[in-house]
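> okay, here's the prediction I keep looking at, along with the sequence it came from:
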Amino acid sequence: MAKAKKNNNSEEPIEKQLWKVADKLRKNIDAAEYKHIVLGLIFLKYISDAFEELYNKLESGEGDYTGADPEDKDEYKAENVFFVPEKARWSYLQSKAKQPDIGKEIDNAMDAIERINPSLKDVLPKVYARQNLDPTNLGGLIDLVGNIALGDAKARSADVLGHVFEYFLGEFALAEGKKGGQFYTPKSVVELLVEMLEPYKGRVFDPCCGSGGMFVQSEKFVADHQGKINDISIYGQESNQTTWRLAKMNLAIRGIDSSQVKWNNEGSFLNDCHKDLKADYVIANPHFNDSDWSGDLLRKDGRWKYGIPPTGNANYAWIQHFLYHLSPSGQAGFVLAKGSLTSKTSGEGSIRKELIEARLVDCVVNLPAKLFLNTQIPACLWFLSRNKANGKFRNRTDDILFIDARNMGHLINRRTRELSKEDIAYISETYHKWRNAPTPGPSREGTTFTRPSQEGNTFSDPSQEGNTFSDPSQEGNISSGSSQEERKSLPWEGGSESREKSLPGEGGSKRREGYMDIPGFCNSASIERIRELDYVLTPGRYVGLPDDEDDFDFNKRFTELKAEFEEQLKEEARLNALIAENLKKVKLV
């Protein structure tokens, strides 16, 4: 993680320092508006830094740059660098930071950059001359962003500016709450999808791409595993133009080609921008249970091979849209509402049956609560494979893997949970061992994964020193505050002996090339078993309970919950009385 320059012997990551200062400068501006102001400036700083580095090389005229003209736009195009006009360069704008018309200067700079660089047309924000943005605060923001200057331009874009941009996206999403979820998929969910799919090579498609997080993480995955970035190409579509602009900037700041990331306001169902695309990987997080997807206009659409989805819910329309765009050996991983695993309304049960009988469903992961900013609806991950007997992995045609990860993750605040690196590694490695993949790319031999402890499941509120609470939102969740006896009831607790026993691939009656079923966590179910359960795909129906569940003290747990409930009733009564008292003070005219 990038560190700030040691001005005050501070080792706090630079992105956190920047966020604190930027948030102070926000004043009374809504987070939804302010994010475009801040992220636009970070992007402007990035392209200006990259431009100035190449400009200096061209001006020196040494080596390959002998006789080059630093003002020749083609020189920058050849190096895949945006050309920045003189009055749009960061050095010029920073010199004007204290002027009262700095907002107009920045808007003009954004216009000039778009005119010269067609790929940025209609992408950059022109919001800096608005009356609610104080010029003094804007000047302070420019100085703040101007301090991000470490190493060469490549390091700045990849390690600092790109990281800051990504961090700010996440922080703005948290600040906006439900609205933030419209453009941002939590990073840990994106990482889990990408780690499980392993998109080393081929075409990656996201037809509801938000701010482009799936693409950024896919490129990171390839880079982290010593692959070739150019081995994957990205295709995307977004119906919200404001969100699409964020995606274009997010990808550009990472040096990722976004020429095939398209926008139209009709959306992927009505106006598919990539009709002929057959992707190797589909990675997506569509809106949950979307009722406004124009399904009534698409009753005879050719994508509905497995059944016509209901007009009141787009879940199974998305699934079939993803399948339509998969190549003959393609794989898909995506987020959906957990209700999609059991719903039988308006023909959804019949469509799910057809998908299962067509041997397309590969794996289902039950996710913890509170991962998503814009909804409290329980969520899950679906993984589909066009050809489960394609030879790349073992033939798993008649099996589906179920993983119940409800009890994993840790709270980062009172409302939001995230999966740790260890959680992600454990879940993805379980899937890989079940899939029995000849490892694509670098070998994973010698790597051992153990089930992560759940000690992150308590959250301390800084405002209430010493006061901790565990997440009560998950059925059957045993928090880190539980007794040692309770914690031993979980298959990954109880010391090293218990953890070793629960590793996928460490013995067990149902072992398959390094994989084993773990009661309470994962189960490889046959199609026959799924038929018996009427094609319901909820992981809890298949994984069962942990082996040591008998150690669970029901009386103790019931007493604790009863006491907690009684306290909540008292608090409710107190609040109701307070509200009633305040209502008496209201005078009607």
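Sure thing, it's come through. Residues are numbered from 1 along each chain as shown.
> partner strands of the host helix or strand of residue 382 and their direction?
Here residue 382 sits within strand 379-385, counting by DSSP states H and E. Using DSSP bridges, the strands paired with strand 379-385 are strand 326-337 (antiparallel), strand 361-366 (antiparallel).
> which one of those lies nearest to residue 244?
For the strands paired with strand 379-385, proximity to residue 244 was assessed by Cβ to Cβ; strand 326-337 is nearest, at 19.3 Å. C-beta: built from backbone N, CA, C; applies to glycine.
> now the helix or strand containing residue 139: mean pLDDT?
If you go by DSSP H and E, residue 139 is part of helix 135-146. Over the span of helix 135-146, the pLDDT mean works out to 87.
> and the contacts of it?
18, 21-22, 25, 27, 37-38, 41-42, 45, 90, 93-94, 97-103, 106, 128 (Cβ atoms under 8 Å, 6 or more residues apart in numbering).
> which PyMOL command selects the buried ones in those?
A single PyMOL command suffices to select whichever of these are buried according to 16 or more other Cβ atoms under 10 Å:
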select buried, resi 18+22+25+37+38+41+42+45+90+93+94+97+102+103+106+128
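> follow-up on the earlier one: pipe the strands paired with strand 379-385 into JSON lines and attach mean pLDDT per row.
Output for these, formatted as JSON lines (pLDDT from 0 to 100):
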{"stretch": "strand 326-337", "mean pLDDT": "95"}
{"stretch": "strand 361-366", "mean pLDDT": "98"}
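> on that earlier part again, angle of the helix or strand following the strand holding residue 382 against strand 379-385?
Counting by DSSP H and E, the element after strand 379-385 in chain order, helix or strand, is strand 399-404. Calculated by axes from the mean of the first three to the mean of the last three Cα atoms, to 10 degrees, strand 399-404 forms an angle of 160 degrees with strand 379-385.
> just how off-centre is the next helix or strand after strand 399-404 within its chain?
Using DSSP H and E, the helix or strand that directly follows strand 399-404 along the chain is strand 410-411. Distance of strand 410-411 from its chain centroid, counting by Cα atoms, centre = their mean, to the nearest Å, is 16 Å.
> quick one, strands of the stretch 151-300 of the chain?
202-206, 232-238, 261-263, 279-284 (DSSP state E, counting those that start in this stretch).
> who are the contact partners of residue 88?
By Cβ under 8 Å, 6+ apart, the neighbours of residue 88 are 44, 48, 108-110, 112-113.
> quick one on the thing from earlier: now do the strand holding residue 382 against strand 279-284, angle only.
Using the same axes, to 10 degrees, strand 379-385 lies at 170 degrees relative to strand 279-284.
> pLDDT averaged over strand 379-385 - what is it?
For strand 379-385, the per-residue pLDDT averages 96.
> what sits up against it?
192-193, 196-197, 288, 319, 322-323, 326, 330-338, 340-341, 355, 360-367, 371-372, 431, 539.
> mind redoing it with 7 Å?
Strand 379-385 has contacts (Cβ atoms under 7 Å, 6 or more residues apart in numbering) with 193, 196, 322-323, 331-338, 341, 360-367, 371-372.
> likewise stretch 278-290?
185, 193-194, 197, 199, 202-208, 214, 218, 235, 313-315, 318, 322, 325-327, 330-337, 375, 377.
> between the strands of the stretch 151-300 of the chain, which one is closest to residue 587.
Of the strands of the stretch 151-300 of the chain, nearest to residue 587 by Cβ to Cβ is strand 232-238, at 49.8 Å.
> check which helices and strands the closest one sits against.
Packing partners of strand 232-238 (3 or more Cβ pairs under 7 Å, 6 or more residues apart in numbering; DSSP states H and E): strand 202-206, helix 213-224, strand 261-263.
> hmm, back to that, make TSV from the contacts of residue 88 and add distance to residue 544 to it.
TSV is the format used below for these (distance: Cβ to Cβ, whole Å):
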residue	distance to residue 544
44	55
48	58
108	64
109	61
110	57
112	63
113	58
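> among these, which are located in strands?
With DSSP state E as the criterion, strands contain none of these.
> closest one of those residues to residue 241?
residue 110 (15.6 Å).
> can you tell me the closest non-neighbouring residue to that closest one?
residue 124 (4.2 Å; Cβ to Cβ, 6 or more residues apart in numbering).
> quick check, that neighbour in a strand?
No: under DSSP: H, G, I helix; E, B strand; the rest coil, residue 124 sits outside any strand and is assigned coil.
> okay, it and residue 82: tell me how far apart.
Using Cβ to Cβ, to the nearest Å, residue 124 is found at 11 Å from residue 82.
> looking at the two, which one has more neighbours?
residue 124 (24 against 21; other Cβ atoms under 10 Å).
> wait, what's in contact with that one?
If you count contacts by Cβ under 7 Å, 6+ apart, residue 124 has them with 40, 110, 113-114.
> among these, which are in helices?
40, 110, 113-114 (DSSP state H).
> buried subset of those?
40, 110, 113-114.
> neighbours around residue 278, how many?
Residue 278, neighbours per other Cβ under 10 Å, totals 15.
> now it: how far from residue 235?
10 Å.
> let me see the contact set for residue 262.
237, 273 are the contacts of residue 262 under Cβ under 7 Å, 6+ apart.
> for stretch 283-294, buried residues please.
283-290, 293.
> reformat the residues you listed as TSV; add pLDDT and distance to residue 132.
Output for the buried residues of stretch 283-294, formatted as TSV (pLDDT from 0 to 100; distance: Cβ to Cβ, whole Å):
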residue	pLDDT	distance to residue 132
283	96	37
284	94	35
285	91	32
286	92	34
287	87	30
288	85	33
289	88	35
290	89	33
293	93	35
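> out of those residues, which are inside helices?
Short answer: the buried residues of stretch 283-294 have none in helices (DSSP H).
> any idea how many residues pack against the closest residue to residue 296 other than its chain neighbours?
Of all residues not flanking residue 296 in the chain, residue 311 sits nearest, at 4.9 Å (Cβ to Cβ, 6+ apart). Close neighbours of residue 311, defined as other Cβ under 10 Å, add up to 17.
> ramachandran angles for residue 311?
When quoted as degrees, to the nearest 10, the phi and psi of residue 311 stand at phi -70, psi -20.
> any idea how far residue 302 is from it?
Counting by Cβ to Cβ - residue 311 and residue 302 are separated by 17 Å.
> low-confidence ranges in the stretch 201-350 of the chain?
Within the stretch 201-350 of the chain, the ranges that satisfy pLDDT under 70 run 226.
> quick one on the thing from earlier: and the buried ones among the ones in helices among the contacts of residue 124, which is closest to residue 67?
Taking these together and measuring to residue 67 by Cβ to Cβ, the closest member is residue 113, at 26.7 Å.
> one step back: winner for burial among the strands paired with strand 379-385?
strand 361-366 (a mean of 24; mean count of other Cβ atoms under 10 Å).
> list of residues touching that strand?
Under Cβ under 7 Å, 6+ apart, the answer for strand 361-366 is 341, 355, 380-385, 388, 400-406, 427, 431, 537, 539-540.
> on that earlier part again, TSV please, covering the strands paired with strand 379-385 and showing distance to residue 527.
Below are these laid out as TSV (distance: least, Cβ to Cβ, whole Å):
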stretch	distance to residue 527
strand 326-337	19
strand 361-366	10
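> of all these, which one is nearest residue 349?
strand 361-366 (13.9 Å).
> how distant is the strand or helix carrying residue 426 from the center of its chain?
If you go by DSSP H and E, residue 426 is part of helix 421-435. Relative to its parent chain, helix 421-435 has a centroid offset of 17 Å by Cα atoms, centre = their mean.
> tell me the buried residues in that helix?
423-435.
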